[in-house]
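Asker: Got a predicted structure plus its sequence, pasted below:
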Amino acid sequence: MKKILLGITCLLTGLFSSYGQTSTTGSSYVSTAVPFLSITPDSRAAGMGDVGVATSADINSIHWNLSKTVFAKRNGGVSVSYTPWLKEIATGMSLGYFSGYYKLGDKQAISASFRFFNLGDVDIIDANGAMLKTSTPNEFSFDLGYSRKLSENFSMGVAFRYIQSNIIEGQSGSSVAADISAFYTKPLDNGNIAFGANISNIGSKMSYSNNSYYLPTNLKIGTSYTRELSPKSKLSISLDVNKLLVDGGEAASGQAKKGVVVIGNASNDDVIASMISSLGDLSSVTYSLGTEYGFQDQFFARLGYFYESEDAGNRNYLTTGLGMNYSNIDFDLAYLITTDANNPLKNTLRFTIGYTF
């Protein structure tokens, strides 16, 4: 029975690390535990092709780059986001996200967020295909962060994260992790330019039964350029480059398959060694390009593109989004468009409501 449950655990881990990818046997495909940590939680970033490490600060900066928070225009804010996930192939799967921040003067800020991933109803069967029970697996994380300006244009931040994974009854796991980030912004004539970097999910492995799996440690760097088109309107263009800092390791079955992982990877290497070893695999780098047009800081239109190589997962899609601010209340919507009719990510919608003060 334990082997059956572990197999289901590994299968779920591999499936959702690919976010419903069309290729699961690519030479650079690497799966991790708790891949829900890498899913874009908010509608603004999702509408711009999943960019966010160097865009202007908002309520959800703790996910993308905590350091940006001290440059937020408002003293604080809270938001809630909801995403029905992989609804083309699954029922009841969703991601809920709650985020907030508060500035402690002009140079410091604290942030917090809570993320809950519901995997819907999963039927548990034995080796003979007989139905055992229906389970409702879920995972969640809670973050606390602190950011500080080190100069007029530069800031850094650190966030600490507790993660709980309840995929199968009796096979739950927990872990702790940290993010380290930096942000630089400089005003220009009729606009500004910004650069950002964030290493997220640096932490201990997640253990299920007798196997341990890496967290989705990521290095994300990016830049954003904003130009005022008129006293009432502005346009920003942003680019993010993301690298999964996890080595291919071995297949969950124990058979060595360097760089080819189908249902999860387990490795005896420590976390730091895995991060260093993974730097040689540049084929797993993903790119996000997005643009945002704002009018009177009240109405926003967004467009973006996300690219991943076929070997690493083949997630390629366009995104679009709309935003509106009314009396310090933000309403944001994002929609994902795929070119592949069989892509389970197609027609993904995200909703975000926020309040700033």
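Answerer: Arrived safely, thanks for sending. Numbers count the residues shown, from 1 in each chain.
Asker: dump the residue contacts of the most centrally placed residue in the chain.
Answerer: Per CA atoms, centre = their mean, the C-alpha nearest to the average position across the chain is that of residue 38, at 2.8 Å. Residues counted as contacts of residue 38 (CB atoms under 8 Å, 6 or more residues apart in numbering) are 216, 218. C-beta here means a position set from N, CA and C on the backbone, and glycine is covered the same way.
Asker: Look up how far residue 339 lies from it.
Answerer: Here residue 38 is placed at a distance of 22 Å from residue 339 (CB to CB, to the nearest Å).
Asker: Next: residue 314.
Answerer: Counting by CB to CB, the gap from residue 314 to residue 339 is 11 Å.
Asker: Between the two, tell me which one has more neighbours.
Answerer: Set residue 314 next to residue 339 and count neighbours by other CB atoms under 10 Å: residue 314 wins out with 18 against 9.
Asker: give me the element the more buried one is part of.
Answerer: In this structure, residue 314 is located outside every helix and strand according to DSSP states H and E.
Asker: isn't it right next to residue 308, touching?
Answerer: Yes. The criterion here is CB atoms under 8 Å, and residue 314 meets it with residue 308 at 6.3 Å.
Asker: Which SSE is immediately downstream of the longest strand along the chain?
Answerer: Among the elements of the chain assigned as strand by DSSP state E, the one spanning the most residues is strand 173-188. Next helix or strand after strand 173-188 toward the C-terminus (DSSP H and E): strand 191-203.
Asker: For the closest residue to residue 158 other than its chain neighbours, name its beta-bridge partners.
Answerer: Distances taken as CB to CB, 6 or more residues apart in numbering place residue 180 nearest to residue 158, at 5.6 Å, with adjacent residues excluded. For residue 180, the beta-bridge assignment (DSSP bridges) gives partners residue 158, residue 199.
Asker: how close does residue 180 sit to residue 220?
Answerer: Taking CB to CB as the criterion, residue 180 is separated from residue 220 by 11 Å.
Asker: Can you pull out the low-pLDDT segments for the stretch 101-250 of the chain?
Answerer: 126-127, 168-170, 209, 248-250 (pLDDT under 70).
Asker: make it 50
Answerer: Along the stretch 101-250 of the chain, the model assigns pLDDT under 50 to residues 250.
Asker: hey, where'd the strands end up in it?
Answerer: 108-119, 122-125, 131-135, 138-149, 154-166, 173-188, 191-203, 206-208, 211-213, 218-230, 233-244, 250-251 (DSSP state E, counting those that start in this stretch).
Asker: The residue of the chain positioned farthest from its centre and residue 122: what is the separation?
Answerer: With distances taken from the mean C-alpha point of the chain and given as CA atoms, centre = their mean, the most distant residue is residue 128, at 36.9 Å. Applying CB to CB, one obtains 18 Å for the distance of residue 128 from residue 122.
Asker: Ok, residue 65 next?
Answerer: Relative to residue 122, residue 65 is positioned 34 Å away (CB to CB).
Asker: Ok, residue 236 next?
Answerer: In this view, residue 236 and residue 122 are 41 Å apart by CB to CB.
Asker: sorry, back to before: comparing residue 180 and residue 220, which shows the higher neighbour count?
Answerer: Neighbour comparison, residue 180 and residue 220: the larger count goes to residue 220, with 24 against 15 (by other CB under 10 Å).
Asker: ok, now which ones touch the more buried one?
Answerer: For residue 220, the contacting residues are 53, 64-65, 196-200, 240-243, by CB under 8 Å, 6+ apart.
Asker: at 10 Å instead, please
Answerer: Neighbour list for residue 220: 38, 50-54, 64-65, 181, 196-200, 240-243, 286, 288 [criterion: CB atoms under 10 Å, 6 or more residues apart in numbering].
Asker: ok, of those, which come out buried?
Answerer: 38, 50-54, 64-65, 181, 196-200, 240, 242-243, 286, 288 (16 or more other CB atoms under 10 Å).
Asker: Do me a favour and get the end-to-end distance for stretch 35-48?
Answerer: The straight-line separation of the ends of stretch 35-48 (CA to CA, to the nearest Å) is 21 Å.
Asker: Average pLDDT for that stretch, rounded please.
Answerer: When pLDDT is averaged along stretch 35-48, the result is 96.
Asker: starting at the chain centroid, how far to that stretch?
Answerer: Computed by CA atoms, centre = their mean, to the nearest Å, the separation of stretch 35-48 from the middle of its chain amounts to 5 Å.
Asker: again with stretch 138-158
Answerer: Going by CA atoms, centre = their mean, where stretch 138-158 is centred and where its chain is centred differ by 15 Å.
Asker: cool, stretch 200-219 as well?
Answerer: When distances are taken as CA atoms, centre = their mean, stretch 200-219 is centred 15 Å away from the chain's centroid.
Asker: Give the buried residues for that stretch.
Answerer: Residues of stretch 200-219 classed as buried by neighbour count (16+ other CB under 10 Å): 200-203, 205-208, 211-219.
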